[in-house]
Structure formats: C-alpha cells, structure tokens
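S.K.: Build me a model:
(one chain, ligands or ions: 1)
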Amino acid sequence: MKTIENVTIYKCDFCKKELKRKHAMVNHEKLCSCNPENFKKCTQGCLYLETEKHVLYFETNYTEDGPEYSEQEKTVFRCSKFDKLMYPWSIERKGIAEKWSTFDEQEPMPKECDSFKHHCEETFDEYYERMNSKSLDNESLET
Ligand SMILES: [Zn+2]
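M.R.: This is a model prediction of the structure:
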C-alpha cells in the first residue's frame with residue numbers, strides 16, 4: 001500500500017465534496033446544488049409546488065427514421081399556480097433538458113418568483129379551497 005502525502009485537495013465551499021484537480025472543483029462549485037446561486041424559489045417551501053405522475057417519453061435509440069421512444073411514468077414537479085411542469089436544478093445542471101424532448105413540456109424552476117408563497121402562510125380557508133378544487137379536477141378526469 002502506498003501513502004501519498006502532501007497532495008493538494010480542493011474542497012467545495014458549499015458541500016463536502018473534495019477533488020484533486022482544481023478546474024474540476026471550479027466547475028463543480030459552479031454547478032453545486034448547495035451553491036446559493038443555484039437555489040430555486042420553488043424548493044424553498046412554496047405552497048404551489050406539487051408532484052404528480054406523468055407519462056414521459058424518453059429517446060432510446062436512433063434509427064434511420066429518427067429517434068425511438070419509450071414511455072415511462074415518472075414523478076414530476078408541477079407549479080399549481082401557473083399550471084406548468086417544472087424540472088429541478090439536478091436536471092438543469094446536467095444540461096440535458098435542452099437536448100431531450102422529454103423535457104419539452106417542462107420549464108426550469110425560477111430563481112425568483114413573485115407568486116412564491118410559503119406553505120406556512122396558507123390559511124385554513126385557502127387550504128380548504130385548494131383541496132376542493134383538486135378533487136373537482138379528479139372528478140372531471142374520470143368522467
Ligand atoms: Zn459542492
């Protein structure tokens with residue numbers, strides 16, 4: 001066994017990650033999900049952020065006729081205020097959302113949002129109304 005001493009290790013300012021290559025750490029810090037620059041308003045306790053099951057199409061193979069797709073049911077984020085599907089930083093940071101049509105119907109979560117409302121701020125009446133409108137949605141889907 002070899003022990004390597006006096007090696008410079010670069011540690012992330014935001015999380016516990018350590019790397020030996022400086023440029024790799026510079027790159028990591030930029031994309032690190034613990035970096036406040038990358039915080040999204042939606043995931044700071046917003047009342048309107050919900051999850052739902054959604055059928056997504058994933059490009060699997062490329063053939064002469066174009067890509068082939070597979071259908072998969074996944075849990076996705078939805079903003080119930082704007083009725084939009086959202087993808088989190090973990091997807092955005094990989095840069096795959098622009099490349100994959102899977103994310104065409106989804107938007108990146110915003111860093112700031114005027115409609116942000118912390119779930120603790122919801123009154124009982126608002127909660128009651130929100131839950132009621134949700135069950136109405138479900139009924140209309142079934143008929
Ligand atoms: Zn980090």
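
S.K.: Any idea which helix or strand in the chain has the lowest mean pLDDT?
M.R.: helix 124-142 (a mean of 75; mean pLDDT, DSSP states H and E).

S.K.: looking at the chain, which residue lies furthest from center?
M.R.: Residue farthest from the centre of the chain, counting by CA atoms, centre = their mean, is M1 at 42.4 Å.

S.K.: Run through the residues that contact the spatially most central residue of the chain.
M.R.: In the chain, the residue lying closest to the centroid (CA atoms, centre = their mean) is P88, at 1.2 Å. Contact analysis of P88 by CB atoms under 8 Å, 6 or more residues apart in numbering lists 40, 42-43, 77, 109. The C-beta positions use only the backbone N, C-alpha and C, and glycine is treated the same way.

S.K.: same thing with Y62?
M.R.: Contacts of Y62 by CB under 8 Å, 6+ apart are E68.

S.K.: returning to that earlier point: per-residue pLDDT of the residue nearest to the centre of the chain, please?
M.R.: With respect to pLDDT, P88 scores 93.

S.K.: same thing with the one 4 residues further on?
M.R.: In this prediction, E92 carries a pLDDT score of 92.

S.K.: Quick check: beta-bridge partners of the nearest residue to it once chain neighbours are set aside?
M.R.: The shortest distance from E92 to any non-neighbouring residue, by CB to CB, 6 or more residues apart in numbering, is to P108 (4.8 Å). In this structure, P108 bridges to Y87 when assessed by DSSP bridges.

S.K.: didn't P108 look like it was pressed against K84?
M.R.: No. Taking contacts as CB atoms under 8 Å, P108 lies outside contact range of K84: 10.6 Å.

S.K.: between these two, who's got more neighbours?
M.R.: More neighbours surround P108 than the other of P108 and K84, with 16 against 12 (other CB atoms under 10 Å).

S.K.: Could I get the contacting residues of that one?
M.R.: So P108 contacts 86-87, 91-92, 97 (CB under 8 Å, 6+ apart).
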